[in-house]
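**Q** whatever this is, show me its structure:
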Amino acid sequence: MSTPEGKRACVIGAGFGGMALAIRLQSAGIATTLVEGRDKPGGRAYFWEREGFTFDAGPTVITDPACLRELWALSGHDMKEDVELVPVMPFYRLNWPDGTNFDYSNDDLSLRREIAKLDPADIAGYEEFLKYSAAVYHEGYVKLGTVPFLDFKSMIKAAPALAKQQAWRSVYSMASKYIRSEKLREALSFHTLLVGGNPMTTSSIYALIHKLEKDGGVWWAKGGTNRLVAGMVRHFERLGGTVRLGDAVTEIGTLGNRATEVATASGWRERFDAVASNGDIVHTYRDLLGSNRRGQKMGRSLARKRFSPGLFVVHFGLEGTWPDIPHHMILFGPRYKGLLDDIYVHGVLPADFSIYLHHPSVSDPDMAPPGMSTFYALVPVAHMGKLAIDWEKIGPQLARRILDEIGKRLIPHIHERIVTQFHYAPTDFASDLNAHLGSAFSLEPVLTQSAFFRGHNRDDVIGNMYLVGAGTHPGAGIPGVVGSAKATAGLMLADLAA
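**A** Numbering: from 1, shown residues only. Have a look, this model is predicted:
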């Protein structure tokens with residue numbers, strides 16, 4: 001195969017998927033331009049600095065660091081040149097309204113003690129669940145996580161292995177097969193929420209997350225997730241890549257069935273041999289490719305699919321420190337399935353909620369001024385297509401309710417301690433990220449929207465138009481979008497060298 005010398009590519013969107021793809025292309029000698037509409041790179045991994053506090057927008061859970069290190073190793077570099085990762089332990093503390101705590105980690109002895117506190121009989125069941133998780137990790141992540149599904153034949157080829165693992169069952173259903181304790185079922189199935197999936201309907205293949213975390217651990221980038229983003233950008237520029245910030249792409253120009261150029265809001269316009277979008281998948285087709293019949297058709301088709309929920313996030317800085325509150329907590333509400341039904345099915349804003357509480361300053365004191373603490377509290381909510389409410393009005397009310405709950409369960413007099421506070425709603429995802437319906441994770445990761453049935457890494461009609469990120473295979477989450485970048489890069493390099 002010849003080398004793609006002299007070829008130029010454009011990657012639209014500087015989220016993790018776009019940056020990982022840009023690094024792979026530039027490492028292979030493709031002159032790559034990364035174009036980002038916001039004033040900072042990162043996409044959903046944006047950040048704010050207020051009154052001495054650093055607030056990461058998310059994602060905040062880093063798993064499978066090997067997939068990130070590989071991006072530096074491609075050019076003989078070490079990620080340590082740009083990013084310091086530190087382990088987080090426990091991975092999460094899970095807390096229920098009755099006061100029960102469960103520290104979730106990959107320390108086998110400690111984890112089995114935690115399971116025994118819930119139900120000693122479930123230790124044997126957990127061993128079986130772990131075997132299952134390892135099997136689907138091998139099939140779904142190791143074998144298929146970076147393989148593009150471009151035609152139905154590739155799906156048929158993978159189907160027997162997925163069928164053998166009962167991929168049609170949900171993660172919760174599979175946990176329930178092995179586990180008796182309802183609390184432990186929740187502890188082993190909540191992970192799908194971190195990639196936009198309903199534990200009650202998301203394919204049991206996603207049980208692989210447990211094995212992924214067990215083997216690779218859970219990590220934090222010193223200085224915040226934003227420092228991982230900055231490190232990726234620094235490495236990309238070191239390789240000779242070009243980053244264009246604060247200039248949103250308005251059009252991907254086409255000639256027939258070829259993408260020819262990229263235009264931005266400032267009037268900048270350049271021609272490229274290949275174009276890849278890390279933008280929202282509906283926005284990419286409906287808006288950026290809107291002048292092409294393929295874009296119009298795909299935009300309509302994608303808009304009819306099921307999208308993951310939105311998120312409501314309260315960022316707040318407090319006076320005081322809380323060494324007993326770990327880096328990651330899940331505060332479960334009084335309901336599990338009923339709450340998930342309200343979010344995913346009924347599209348209502350319930351009176352109760354489950355909260356993911358992020359407390360980075362306990363691991364990294366520099367995230368807050370001396371003697372103070374940085375937090376965010378994240379609550380899944382129905383996307384704007386199901387829940388049409390006035391977030392300008394409801395947002396402050398919901399933020400107060402969330403803080404009230406944290407105050408009741410963890411931090412007395414929380415409102416009196418607040419130094420700075422703001423929130424981020426589905427409408428912000430829609431306006432800042434062009435997220436269809438304000439969805440936080442793109443297409444919902446159900447079996448009928450996975451692999452071949454998800455956005456293809458290369459468009460079926462526009463031969464030099466590519467996709468990367470949460471809307472493509474394998475899906476959301478840092479390992480997912482970095483895996484999508486590996487799959488897309490493989491296609492682009494082969495095509496550009498042809």
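
**Q** for stretch 32-49, buried residues please.
**A** Buried residues in stretch 32-49, counting neighbours by 16 or more other Cβ atoms under 10 Å, are found at 32-38, 40-47. C-beta: built from backbone N, CA, C; applies to glycine.

**Q** okay, how far is it across it, tip to tip?
**A** End-to-end span of stretch 32-49 (Cα to Cα, to the nearest Å): 30 Å.

**Q** do the same with stretch 142-153
**A** 20 Å.

**Q** what do you get for stretch 338-356?
**A** 18 Å.

**Q** ok, and what's touching that stretch?
**A** Under the contact criterion Cβ atoms under 8 Å, 6 or more residues apart in numbering, stretch 338-356 has outside partners 193-194, 198-201, 309, 328-336, 377-382, 385-387, 389, 394, 398, 401-402, 405-406, 444.

**Q** give me the nearest residue to Gly469, chain neighbours excluded.
**A** Gly17 (3.7 Å; Cβ to Cβ, 6 or more residues apart in numbering).

**Q** in which helix or strand does that neighbour reside?
**A** Applying DSSP states H and E as the criterion places Gly17 in helix 16-27.

**Q** just the CA atoms of that helix, as CSV, please.
**A** C-alpha atoms of helix 16-27 as CSV (Å, rounded to 0.1, in the frame of the first residue of the first chain):
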residue,chain,number,x,y,z
PHE,A,16,-12.0,13.5,22.6
GLY,A,17,-13.0,11.6,19.5
GLY,A,18,-12.0,14.4,17.1
MET,A,19,-8.7,15.1,18.9
ALA,A,20,-7.8,11.3,19.0
LEU,A,21,-8.5,11.1,15.2
ALA,A,22,-6.5,14.2,14.5
ILE,A,23,-3.5,12.9,16.4
ARG,A,24,-3.7,9.5,14.5
LEU,A,25,-3.9,11.2,11.1
GLN,A,26,-1.1,13.7,11.9
SER,A,27,1.1,10.9,13.3
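
**Q** from the contacts of stretch 338-356, which land in strands?
**A** Judged by DSSP state E, the subset of these located in strands is 328-331, 377-381.

**Q** which one of these is nearest to Ala207?
**A** Nearest to Ala207, judged by Cβ to Cβ, of the ones in strands among the contacts of stretch 338-356 is Ile330 at 17.2 Å.

**Q** hey, what's the closest one bridged with?
**A** Per DSSP bridges, the residues bridged to Ile330 are Leu94, Tyr356.

**Q** low pLDDT regions in the chain?
**A** Judged by pLDDT under 70, the chain has its weakly predicted residues at 1-3, 155, 158.

**Q** repeat that for 90
**A** Within the chain, the set of residues satisfying pLDDT under 90 comprises 1-6, 58-59, 136-169, 203-207, 446-454, 473-474, 498.

**Q** alpha carbons only: can I get stretch 234-247 in PDB?
**A** Output of stretch 234-247 as PDB, limited to C-alpha atoms (Å, rounded to 0.1, in the frame of the first residue of the first chain):
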ATOM      1  CA  ARG A 234      -0.200  20.100  22.700                       C
ATOM      2  CA  HIS A 235       0.800  16.700  21.300                       C
ATOM      3  CA  PHE A 236      -1.200  17.300  18.100                       C
ATOM      4  CA  GLU A 237       0.500  20.700  17.500                       C
ATOM      5  CA  ARG A 238       3.900  19.200  18.400                       C
ATOM      6  CA  LEU A 239       3.400  16.800  15.500                       C
ATOM      7  CA  GLY A 240       2.600  19.700  13.200                       C
ATOM      8  CA  GLY A 241      -1.100  19.700  13.300                       C
ATOM      9  CA  THR A 242      -3.200  23.000  13.000                       C
ATOM     10  CA  VAL A 243      -5.900  23.900  15.500                       C
ATOM     11  CA  ARG A 244      -8.500  26.500  14.600                       C
ATOM     12  CA  LEU A 245     -10.600  27.600  17.700                       C
ATOM     13  CA  GLY A 246     -13.600  29.900  18.000                       C
ATOM     14  CA  ASP A 247     -14.700  29.500  14.400                       C
END
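
**Q** which parts of it are buried?
**A** Of all the residues in stretch 234-247, those buried under the rule 16+ other Cβ under 10 Å are 235-236, 239, 241, 243-244, 247.

**Q** these in strands, which ones?
**A** Among the buried residues of stretch 234-247, the members found in strands (DSSP E) are 243-244.

**Q** can I get the ones in strands among the contacts of stretch 338-356 in JSON lines including distance to Lys177?
**A** Output for the ones in strands among the contacts of stretch 338-356, formatted as JSON lines (distance: Cβ to Cβ, whole Å):
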{"residue": "His328", "distance to Lys177": "27"}
{"residue": "Met329", "distance to Lys177": "27"}
{"residue": "Ile330", "distance to Lys177": "22"}
{"residue": "Leu331", "distance to Lys177": "27"}
{"residue": "Ala377", "distance to Lys177": "32"}
{"residue": "Leu378", "distance to Lys177": "29"}
{"residue": "Val379", "distance to Lys177": "29"}
{"residue": "Pro380", "distance to Lys177": "25"}
{"residue": "Val381", "distance to Lys177": "30"}
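
**Q** contacts only, for the closest residue to Asp459 other than its chain neighbours.
**A** The shortest distance from Asp459 to any non-neighbouring residue, by Cβ to Cβ, 6+ apart, is to Met465 (4.3 Å). Contacts of Met465 were listed using Cβ under 8 Å, 6+ apart, and they are 252, 254, 259, 274-277, 289, 458-459.

**Q** how much space between Met465 and Thr374?
**A** Taking Cβ to Cβ, to the nearest Å as the measure, Met465 falls 40 Å from Thr374.

**Q** please apply the same query to Lys211.
**A** Distance, Lys211 to Thr374, using Cβ to Cβ: 31 Å.

**Q** same thing with Gly58?
**A** Counting by Cβ to Cβ, the gap from Gly58 to Thr374 is 13 Å.

**Q** neighbour count: these two, which is higher?
**A** Thr374 (28 against 21; other Cβ atoms under 10 Å).

**Q** go ahead and confirm the more buried one touches Phe55.
**A** Yes: using Cβ atoms under 8 Å, Thr374 is in contact with Phe55, at 6.5 Å.

**Q** can you list residues touching both of the two?
**A** Residues touching both Thr374 and Phe55 (Cβ under 8 Å, 6+ apart): Gly317.

**Q** list the contacts of Ser203.
**A** Under the criterion of Cβ under 8 Å, 6+ apart, the neighbours of Ser203 are 167-171, 445-447, 450.

**Q** now do 10 Å
**A** Neighbour list for Ser203: 136, 140, 162, 165-171, 174, 192, 197, 445-451 [criterion: Cβ atoms under 10 Å, 6 or more residues apart in numbering].

**Q** separate out the buried members of those residues.
**A** 136, 140, 162, 165-167, 169-171, 174, 192, 197, 445-447, 449-451.

**Q** residues near the closest residue to Phe16 other than its chain neighbours, how many?
**A** Distance criterion Cβ to Cβ, 6+ apart; nearest residue to Phe16, sequence neighbours excluded, is Val481 at 5.0 Å. By other Cβ under 10 Å, 30 other residues sit near Val481.

**Q** check for me that Val481 belongs to a helix.
**A** Yes: using DSSP: H, G, I helix; E, B strand; the rest coil, the assignment for Val481 is a helix.

**Q** what number of residues are in the vicinity of the spatially closest residue to Leu318 that is not a sequence neighbour?
**A** Excluding the flanking residues, the one nearest Leu318 by Cβ to Cβ, 6+ apart is Arg417, at 4.5 Å. Residues near Arg417, counting by other Cβ under 10 Å, number 16.
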